[in-house]
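Colleague: next one to model:
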Amino acid sequence: MPRVRVIDLETAGTGPQDVCEIGWQDVILGADGVWRLDAERGARFVNPGRPISPETMAVHHILDAEVADAPFWKDAAPPVLRPDGDVAALAAHRAAFEQRYCTPRLTGGARWICTWKCALRLWPHLSSFSNQMLRYQRMPKGLDHQSGLPAHRAMPDAYVTAHHLRDQLNAASLEQLLAWSAEPGLLPRVPSGARRGSAWSELEEPQLKAFARDRDINLRFSAETELRRRGEIAPDVRGEPRQRTLL
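Modeller: Okay, here's the model as predicted:
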């Protein structure tokens, strides 16, 4: 039975071993061809090997005493990231964060789905794409409110993300979600500045070319995609046209 495991991490800081909690929630493909949440979910504390910073403690409220006897990341991660029976992919909201810690050595080279990038593609009409904003804008069917609390803890956040992933898998193929996740985020609108909220199609060519030189890879990619659509730069030849069937 194909399954995707949603991962969420809480950390003590920004170092490569600074995980202090890992949570997971599986999404499985039923015999009827419909993806749904599985009963397999959980969380475990991880000893980050150093004190948790006050800044991160103020977000997730995990105390040093709670992780003191927990395993270190190198021991805690593999059983969660490489469970018995294997997974078709791992998933996370803004998966680049989890991938900083869940390295290929720990995951066995698993593929990743970024539910944030997929949300940009599938629900471009929404005003915001954070995990919790998607929760309340979309109100996913079957999401138990209390099971998704408290926010900024690993298992509740993974549980919420899994509802977004379930709906994305039922709207597009697994391979399509993986392909979108391998690219930068395709922002549906200009996110900041004087043209904030404008569709890319509304911008003049000089404005687009300025965004195409931005340091933010998602801004560059979004502006370049519009320039390609207009024929101003060479089309992308890596695969099928992106996004045109959805917007």
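Colleague: give me the below-cutoff pLDDT ranges for the protein.
Modeller: Where the chain drops to pLDDT under 70, the residues are 235-247.
Colleague: quick one: contacts for the residue nearest the centre of the chain?
Modeller: Among the residues of the chain, residue 93 comes closest to the average C-alpha position under Cα atoms, centre = their mean, at 2.1 Å. When contacts are counted by Cβ atoms under 8 Å, 6 or more residues apart in numbering, residue 93 touches 8, 114-116, 130-131, 157, 161, 164. Glycine gets a C-beta too; all of them are placed from N, C-alpha and C.
Colleague: ok, of those residues, which one's closest to residue 84?
Modeller: Nearest to residue 84 among the contacts of residue 93 is residue 8, at 20.7 Å by Cβ to Cβ.
Colleague: neighbours of the closest one, how many?
Modeller: One way to gauge burial is a neighbour count; for residue 8, by other Cβ atoms under 10 Å, it gives 27.
Colleague: same thing with residue 126?
Modeller: Using other Cβ under 10 Å, the number of residues around residue 126 comes to 14.
Colleague: I'd assumed it was in a helix, is it?
Modeller: No: with the criterion set as DSSP: H, G, I helix; E, B strand; the rest coil, the secondary structure at residue 126 is coil rather than a helix.
Colleague: in this structure it contacts residue 120, no?
Modeller: No: using Cβ atoms under 8 Å as the test, residue 126 is too far from residue 120 to be in contact (9.0 Å).
Colleague: ok, residue 209 touching residue 227?
Modeller: Yes: taking contacts as Cβ under 8 Å, residue 209 lies within contact range of residue 227: 7.2 Å.
Colleague: of those two, who's got more company?
Modeller: Summary of the neighbour comparison: residue 209 and residue 227, criterion other Cβ under 10 Å, with residue 227 having more neighbours (19 against 15).
Colleague: gap between that one and residue 214?
Modeller: Using Cβ to Cβ, to the nearest Å, residue 227 is found at 13 Å from residue 214.
Colleague: what sits against residue 127?
Modeller: Taking Cβ under 8 Å, 6+ apart as the definition of contact, the neighbours of residue 127 are 133, 137.
Colleague: and residue 36, by the same measure?
Modeller: Contacts for residue 36 were tallied using Cβ under 8 Å, 6+ apart; they are 27-28, 30, 166.
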